[in-house]
Each structure stands twice: as structure tokens, then as C-alpha cells.
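**Student:** model this:
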Amino acid sequence: MCTPTDNQLIMLGTGYATATRCYNTCFVLRTAEGLLLVDGGGGNGILSQLEKAGLALSDIHDMFITHAHTDHILGAVWMVRMVAQRMKSGTYAGTFTLYSHARALGVLEQICWLTLPAKLQAFIGSAILFHELEDRDRFRAAGIDLQCFDIRSAKEKQFGFCAWLPGGIRLACLGDEPFNAANRPCVEGADWLLCEAFCLYRDREIFKPYEKHHSTALEAGELAASLHVRNLLLYHTEDRHLSTRREDYTGEAARNFHGRIVVPDDLEVIAVE
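**Tutor:** Numbers count the residues shown, from 1 in each chain. All right, here's what the predicted structure looks like:
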């Protein structure tokens with residue numbers, strides 16, 4: 001029987017779109033039943049991150065895409081390509097399903113049709129499946145029960161999700177933009193809250209988070225406190241202060257939130273319990 005300690009979050013990348021010292025934000029939820037890849041980062045770096053994390057492509061059968069910005073969806077193109085190549089060579093068994101809203105899946109499909117050879121495109125729709133979701137849809141992937149929700153983005157249609165992991169742990173992923181109160185019923189009281197923190201509040205004049213519709217670590221802490229969550233994980237950050245990021249971001253978020261705060265590095269493995 002799966003216990004809470006079997007659940008892991010493997011942080012493949014922690015940086016925002018133009019970060020060069022860490023990979024773009026994407027991660028894997030691992031349970032005793034499977035692996036769920038969430039976003040793919042901005043290119044084929046997803047392949048090296050999975051390799052460094054010891055995760056085989058042949059073991060990944062489910063992927064959730066939050067939105068169609070380049071730092072999240074281009075890695076999905078590479079996932080489709082490499083999975084299709086393995087299907088063609090007979091080294092990938094079963095299907096590969098990508099879950100998202102119509103906008104993101106439409107962008108992904110168009111890129112695939114424009115860039116992949118016909119012999120790989122042939123797997124799309126048969127063994128590589130695009131599963132379209134609507135706001136508040138419930139679905140099951142990699143042995144995890146999930147509910148997606150529209151984050152009401154001001155820039156690009158984007159879905160977050162709530163995941164019920166084995167052992168009764170509830171994890172909420174807010175995507176990479178500020179929280180919209182309309183989604184409070186979906187995430188309030190979660191055991192884990194995954195929240196973007198574009199920069200420190202003290203550095204807001206340098207990084208201009210509000211102009212880019214993002215938050216700071218201070219506001220992420222305020223949000224976590226207001227939502228009564230147990231654990232807060234901060235990602236999608238700037239990369240100029242990696243050596244002190246954990247200490248600085250934790251300290252700022254802790255001004256208002258008194259639960260556990262996790263500021264991971266790329267490839268860090270976190271027990272979700």
C-alpha cells in the first residue's frame with residue numbers, strides 16, 4: 001500500500017523564462033503508481049534534466065501542460081518527438097497522454113506538425129494522445145486524481161491544478177502568475193502550495209515583477225498564510241542570486257507564513273508528506 005512518504009516532487013527546473021543559470025520551471029510528481037511530468041521547460045534541456053534525475057522516458061506516460069509560453073511548452077515538443085522515436089523503434093510501450101486546455105494543445109499540435117517528420121507525426125492521435133480539459137475538470141493521470149482550474153491569466157490562458165496524492169496528501173499548483181481569488185475553493189487548506197516567486201520584494205525595482213504579472217516571495221508567503229496551507233514551495237524565480245536564493249526567499253516568505261517553506265534547486269527531490 002502506498003504511504004505519504006512514497007510521494008516525491010522532483011524539481012527539474014526552477015527558473016523563469018530568461019533564466020540561464022537554472023532550467024525553466026518544470027517538475028515531476030512521482031508516486032508508487034507512476035510519474036506525472038508537469039511542463040517541459042523551454043527546449044531539449046528537458047531531456048538532460050530527466051537524464052540527470054534518473055528518469056527514463058519510457059517510464060513517463062502522462063504530462064500536464066499549464067500554458068503555451070515558450071518556457072513551458074517547447075520542452076513538450078521534445079517529449080513528443082523523443083517518445084515517438086522510441087515508439088517507432090519499439091522501445092516505448094503503451095501510450096503517452098498530454099493534458100491541457102485547447103489553447104495549449106493547439107499550439108503544441110501546430111508546432112509538432114510544422115517541425116516533426118511525418119514518420120513521427122503518425123503517432124499523434126494513436127499512441128500519443130492530446131487530452132483536452134475544461135476549467136474544473138477532474139481526471140486521473142499517473143495514478144493521481146487531479147482537478148484543473150483556469151488561473152484567469154492576464155497574458156495567456158493557463159491552468160493550475162489540485163492533485164490528491166496517495167496517502168491523502170493534497171498538492172495545489174498555481175501556475176506561474178498571481179493567484180486569483182476565484183480559485184480559492186480549489187486550493188484552500190492544501191497540504192502543499194506550489195507558487196511562483198519571480199523575485200524578492202526588496203528587488204522589485206530591479207526585476208519589475210508586477211509589470212510582468214508576477215509575484216514576489218513576500219506576497220507568496222502572504223498568500224500561503226491566507227490559504228491556510230501547510231507547506232509552501234517557491235519556484236519560477238530569477239537566477240542572479242542562486243547562491244543565496246534559498247535563504248533569502250525563505251526569509252522573506254517567512255515574514256507572514258509560519259509553515260514549512262521549500263525553495264528548491266534544480267534536480268532537488270522533495271518528499272511530499
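
**Student:** all strands of the stretch 51-200 of the chain, in order?
**Tutor:** Here the stretch 51-200 of the chain has its strands, by DSSP state E, counting those that start in this stretch, at 62-64, 96-100, 128-132, 138-141, 144-150, 159-165, 169-173, 192-196.

**Student:** sheet partners, orientation included, of the shortest one?
**Tutor:** Read it as strand 62-64. strand 34-38 (parallel), strand 96-100 (parallel) (DSSP bridges).

**Student:** give me the buried positions along the last one.
**Tutor:** Neighbour-count burial for strand 96-100 flags Phe96, Thr97, Leu98, Tyr99, Ser100 (criterion: 16 or more other Cβ atoms under 10 Å). C-beta coordinates here come from the backbone N, C-alpha and C atoms, glycine included.

**Student:** adding distance to Ile169 and pLDDT, write those out as TSV.
**Tutor:** Formatted as TSV, these follow (distance: Cβ to Cβ, whole Å; pLDDT from 0 to 100):
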residue	distance to Ile169	pLDDT
Phe96	26	98
Thr97	23	98
Leu98	24	98
Tyr99	20	98
Ser100	23	98
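
**Student:** on that earlier part again, right, and the strands paired with strand 62-64 - which one's nearest Phe198?
**Tutor:** Set against Phe198 and scored by Cβ to Cβ, the strands paired with strand 62-64 come closest in strand 34-38, at 18.6 Å.

**Student:** tell me the mean pLDDT over the closest one?
**Tutor:** Averaged over strand 34-38, pLDDT sits at 98.

**Student:** in that strand, what's buried?
**Tutor:** Residues Leu35, Leu36, Leu37, Val38 are the ones in strand 34-38 that count as buried (16+ other Cβ under 10 Å).

**Student:** which residues sit against it?
**Tutor:** The contact list for strand 34-38 (Cβ atoms under 8 Å, 6 or more residues apart in numbering) reads 26-30, 55, 59-64, 66, 79, 141-144, 163, 173.

**Student:** grab the longest helix from the chain for me.
**Tutor:** helix 70-89 (DSSP state H).

**Student:** hang on, the earlier thing: can you lay out the strands paired with strand 62-64 as CSV showing distance to Asp266?
**Tutor:** What follows is the strands paired with strand 62-64, written out as CSV (distance: least, Cβ to Cβ, whole Å):
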stretch, distance to Asp266
strand 34-38, 15
strand 96-100, 23
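
**Student:** of all those strands, which one comes closest to Arg246?
**Tutor:** Going by Cβ to Cβ, the one of the strands paired with strand 62-64 nearest Arg246 is strand 34-38, 21.5 Å.

**Student:** how far off centre is that closest one?
**Tutor:** Relative to its chain's centre, strand 34-38 lies at 10 Å (Cα atoms, centre = their mean, to the nearest Å).

**Student:** check stretch 199-214 too.
**Tutor:** Centroid displacement of stretch 199-214 relative to its chain, using Cα atoms, centre = their mean, is 21 Å.

**Student:** check stretch 218-229 too.
**Tutor:** 19 Å.

**Student:** taking the mean pLDDT, what do you get for it?
**Tutor:** Over the span of stretch 218-229, the pLDDT mean works out to 98.

**Student:** give me the contacts around stretch 263-270.
**Tutor:** 8-15, 22-23, 49, 52-53, 233-235, 242, 245-246, 249-250, 262.

**Student:** export that stretch as PDB, just CAs?
**Tutor:** C-alpha atoms of stretch 263-270 as PDB (Å, rounded to 0.1, in the frame of the first residue of the first chain):
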ATOM      1  CA  VAL A 263      13.000  26.900  -2.000                       C
ATOM      2  CA  PRO A 264      14.400  24.100  -4.200                       C
ATOM      3  CA  ASP A 265      17.400  23.900  -6.500                       C
ATOM      4  CA  ASP A 266      17.200  22.200  -9.900                       C
ATOM      5  CA  LEU A 267      17.000  18.400  -9.600                       C
ATOM      6  CA  GLU A 268      16.100  18.500  -5.900                       C
ATOM      7  CA  VAL A 269      13.900  15.700  -4.700                       C
ATOM      8  CA  ILE A 270      11.300  16.700  -2.100                       C
END
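
**Student:** need the strands of the stretch 51-200 of the chain in JSON lines (columns: distance to Arg204).
**Tutor:** Listed next are the strands of the stretch 51-200 of the chain as JSON lines, based on distance: least, Cβ to Cβ, whole Å:
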{"stretch": "strand 62-64", "distance to Arg204": "30"}
{"stretch": "strand 96-100", "distance to Arg204": "31"}
{"stretch": "strand 128-132", "distance to Arg204": "37"}
{"stretch": "strand 138-141", "distance to Arg204": "36"}
{"stretch": "strand 144-150", "distance to Arg204": "27"}
{"stretch": "strand 159-165", "distance to Arg204": "23"}
{"stretch": "strand 169-173", "distance to Arg204": "24"}
{"stretch": "strand 192-196", "distance to Arg204": "14"}
